[in-house]
Each structure stands twice: as C-alpha cells, then as structure tokens.
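Visitor: fold the stuff below for me.
(one chain, ligands or ions: 1)
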Amino acid sequence: MVRTIGVTLLLPLLAGAADFTVGSATAAGGQKATGYIAVPAGVDAAASIPVIVVNGARPGPVLALVAGSHGTEYASILALQKLAQAADAAELSGTLIILPLVNVASFAQKVPHLNPVDGKNMNRFYPGRPDGTQTERASWAIARQVVERCDYLIDLHGGDLDENLQRYSYWATTGKPATDAASRAMVLAFGLDHIIMQDFGAPVAPGGAVTLTRFAAGLGKPGIAAEAGHAGVSDAGDIDSLIQGCWNVARQLKMLAGPVSPVEHPLWLSSVSTVTSEVDGVFYPLVGPDAYVSKGMKIGYVTDYYGKTVWDATSPTAGVVLYIGAVPSMKKGNTIANIGEIAK
Ligand SMILES: [Zn+2]
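Guide: Just a heads-up that it's a prediction; the model follows:
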C-alpha cells in the first residue's frame, strides 16, 4: 500500500520532467536555471541577453515575461528580476521564460529609449534579421528562441528616464476571436485599471515598426504589454504592481493555484494622441500623469534658456494624461505628453 502511494505521487512529477532550454539555460522539470541568449557579433558587437527558465514540476503552457527592451525603465526590469528570484518551479504547471533585461547596453550606460550600440529602439524591429545591426540580431534571436517557443507573452515597460507615467496596459485585437479573447482575459487578470486598446488587425506597411506583442500576435500568441514606473525611480508600488500582474496572469492560465481577481471596471482608452514640442528649450509641465484634460487645455509650456515662455503645449483632445515629460530638457519634435482618449 505504501509502495502504491509512492508510485502514484511520482507519476505526475515525471510527466512534466522534460528539460527546457533557452539559450544557455537548461532547466529540468521542477527546476530553475539561468543563462544567456547569445547574439553573435555581426556588423557591430555581440551581446548576451540574460534569461531565466523556470520549468514547472507539472506540464502546462509556456509564458514568456520580457522587460528592459528600454533599459532605463527600471521598475519593469527590477520586477522581473524579483519575480524570477521568487518563482518556485515546484508550484508551477508549465514553464516561464523570463528576460529581465533585453537592452543591457542601455541599462549599463543609462541611455534612455534606444540601444546605444546602433541607435535603434529595441521594441520596433521584430522579427529582426540575422544580418542586421545588434538590435535586429537581438530581435531575431528573441523571436526564434522566446516568442516562437511560448504560448503567451507579457512585455513590461514603464516611464523612461524622462517620462512621468500613469500605470496602464495594452490590449490589442487581431481579428482572431480566440487570440483576442485570451489576451483580453490576460489584460483583465493583470489588474491595471487603465487599458489602451490597439488594433493589430491591419497589416504593417513595409519597413513599419513591429513591437514584440504585435509580432507575437501575428504568430497567434496572445500577449499584452504593461507599463509602470517613471523617471528613473524604482518605486516599490510600481514594481509590485507588475510582479502581481504577472502572477495573476499565471493563475488565470492555470499555471499556479489560487484565485484571480480581474479588474472589474477598467478605464478603456480608444486611442492615444502624442503632443510634441515645436521648439527647443526648457519644459515646465502644468499637469501630472492621470490628470483629466479637455481639448485645447494648456498642459505645459516651454521657455527659452533665459526663462521667457516661447511656446504653450495644449492637449489636442479630451482625455487622460498617460505620461508627460519629467525633465526640463526639451528639443523640437520630442514628446511632451501622451493623452489617452476615453472609449465611448
Ligand atoms: Zn518601454
């Protein structure tokens, strides 16, 4: 009798015990492993992208968690680092592929928005190219080794060094009902109460920007993006909101036991308008993130370097401020604010 019980308990453990490898990280079932995705040298330098594989003791879906394609959006990077430390493979059904920091050069050199190696935005070039610059080669490696291997994906972002940001997530429709229903359940489970709606149904123009979630959606993989954090600050509340959001989605996907409490009445935002500066100078915001603004309302102004006001920034629409410039440095053409229009 004792022997029978032992065999019965062992079998489910063995069923999920196959090794799972991403880059140099190989985790046996019920184990966690760390390593790197190698981006070989090409027209510019090689790169190594840190990866953690948490291979559950039981079978289940593969959920990819990605952060740090913008390496100074610190809250998102610290969130995945802490989540990976806390993840317990023994409690997990399925596998987590965690990339806490895609853009290591941006993080190390404190360069916002871009990969300083090639000056490109690391969330615009999917599926990348094996013979392109470093951003394109890294995107190619992530496309093959992470996106194609996963069933679901969450891409974490936040306000960058120069952005004051209200927490929000994105939900995109693709025209495929099953994919859209799955990603909708994910974004509600994630729990942020501001949700921007996007349409991935229309084809991208040749040479147009393709983000990680858009590329994943094209492969039929449900995915969401979520943003928290601002202006170089590592706020515990921002970090925790992203960690809890990922755990909630893992519960909603039945990868972890426990209840899910989806956000019940999110503020759905139908479009986002960007306000850009028409002048060089010194920026002064007049509203903060999450402020409700009317069309034509003054949201900030720019002075010349002597302090004389030379331009007023006004909102092109009624809506809610999703983020606004956090620092005085302002160049003509740079973003002053993003305003979300509330869905009818
Ligand atoms: Zn970002």
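Visitor: average model confidence for the longest helix seen in the chain?
Guide: In the chain, taking DSSP state H as the definition, the longest helix is helix 236-252. For helix 236-252, mean pLDDT rounds to 98.
Visitor: can you give me the buried ones in it?
Guide: 238-239, 241-243, 245-252 (16 or more other CB atoms under 10 Å). (Glycine included, C-beta is placed from N, CA and C.)
Visitor: show me what counts as buried in the helix or strand harbouring P59.
Guide: If you go by DSSP states H and E, P59 is part of strand 58-67. Along strand 58-67, these residues count as buried under the neighbour rule (16+ other CB under 10 Å): 58, 60-67.
Visitor: out of these, which are close to the ion?
Guide: Applying CB under 5 Å from the ion, the subset of these adjacent to the ion is empty.
Visitor: would you mind listing what in the stretch 1-150 of the chain touches the ion?
Guide: 70, 73.
Visitor: how close does D312 sit to A318?
Guide: D312 is 18 Å from A318, where distance means CB to CB, to the nearest Å.
Visitor: who does H194 form a beta bridge with?
Guide: L267 (DSSP bridges).
Visitor: report how many residues lie close to the residue in the stretch 151-300 of the chain that the ion sits nearest to.
Guide: Nearest to the ion in the stretch 151-300 of the chain, going by CB to the ion, is H157, at a distance of 3.3 Å. H157: 26 surrounding residues under other CB atoms under 10 Å.
Visitor: poorly predicted segments of the protein, please.
Guide: 1-17 (pLDDT under 70).
Visitor: about what we covered before: using JSON lines, lay out the buried residues of helix 236-252 together with distance to A87.
Guide: Listed next are the buried residues of helix 236-252 as JSON lines, based on distance: CB to CB, whole Å:
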{"residue": "D238", "distance to A87": "20"}
{"residue": "I239", "distance to A87": "15"}
{"residue": "S241", "distance to A87": "18"}
{"residue": "L242", "distance to A87": "14"}
{"residue": "I243", "distance to A87": "10"}
{"residue": "G245", "distance to A87": "14"}
{"residue": "C246", "distance to A87": "10"}
{"residue": "W247", "distance to A87": "9"}
{"residue": "N248", "distance to A87": "14"}
{"residue": "V249", "distance to A87": "13"}
{"residue": "A250", "distance to A87": "9"}
{"residue": "R251", "distance to A87": "13"}
{"residue": "Q252", "distance to A87": "16"}
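Visitor: show me where the stretch 51-200 of the chain has its strands.
Guide: 58-67, 93-99, 152-157, 163-165, 168-173, 194-199 (DSSP state E, counting those that start in this stretch).
Visitor: pick the most buried one from those.
Guide: Greatest average neighbour count among the strands of the stretch 51-200 of the chain goes to strand 152-157 (a mean of 26), per mean count of other CB atoms under 10 Å.
Visitor: can you check what angle separates that one from strand 93-99?
Guide: Angle, strand 152-157 to strand 93-99, by axes from the mean of the first three to the mean of the last three CA atoms, to 10 degrees: 30 degrees.
Visitor: number the chain from 53, please
Guide: From this message on, residue numbering opens at 53, which makes the last subject strand 204-209.
Visitor: buried ones in stretch 167-177?
Guide: Here stretch 167-177 shows 167-170, 172, 174-177 as buried, counting by 16+ other CB under 10 Å.
Visitor: touching, L148 and P113? I think so.
Guide: No. L148 lies out of contact with P113 (CB atoms under 8 Å); the separation is 9.9 Å.
Visitor: what do the two both touch?
Guide: Listed as contacting both L148 and P113 by CB atoms under 8 Å, 6 or more residues apart in numbering are M307.
Visitor: ok so, going back, so can I have CSV of the strands of the stretch 103-252 of the chain showing distance to E188?
Guide: Shown next, in CSV, are the strands of the stretch 103-252 of the chain (distance: least, CB to CB, whole Å):
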stretch, distance to E188
strand 110-119, 17
strand 145-151, 17
strand 204-209, 18
strand 215-217, 25
strand 220-225, 23
strand 246-251, 23
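Visitor: which of the buried residues of stretch 167-177 lies closest to H246?
Guide: Nearest to H246 out of the buried residues of stretch 167-177 is N175 (CB to CB; 19.5 Å).
Visitor: point me to the residue of the stretch 53-202 of the chain nearest the ion.
Guide: H122 (3.5 Å).
Visitor: wait, doesn't that residue sit right on P168?
Guide: No. Using CB under 8 Å, H122 makes no contact with P168, being 11.9 Å away.
Visitor: which neighbours do those two have in common?
Guide: S158.
Visitor: follow-up on the earlier one: tell me which other helices or strands the strand holding P111 touches.
Guide: Identification of packing neighbours for strand 110-119 by 3 or more CB pairs under 8 Å, 6 or more residues apart in numbering; DSSP states H and E yields helix 54-67, helix 126-138, strand 145-151, strand 204-209, helix 288-304.
Visitor: give me the neighbour count for A127.
Guide: With other CB under 10 Å as criterion, A127 counts 29.
Visitor: excluding its backbone neighbours, what's nearest it?
Guide: Take A127 and drop its neighbours on the chain: the residue closest to it by CB to CB, 6 or more residues apart in numbering is G281, 2.7 Å away.
Visitor: which residues touch the one you found?
Guide: 125-128, 210-211, 217, 287, 290-291, 294.
Visitor: that concludes my questions; thank you for your assistance.
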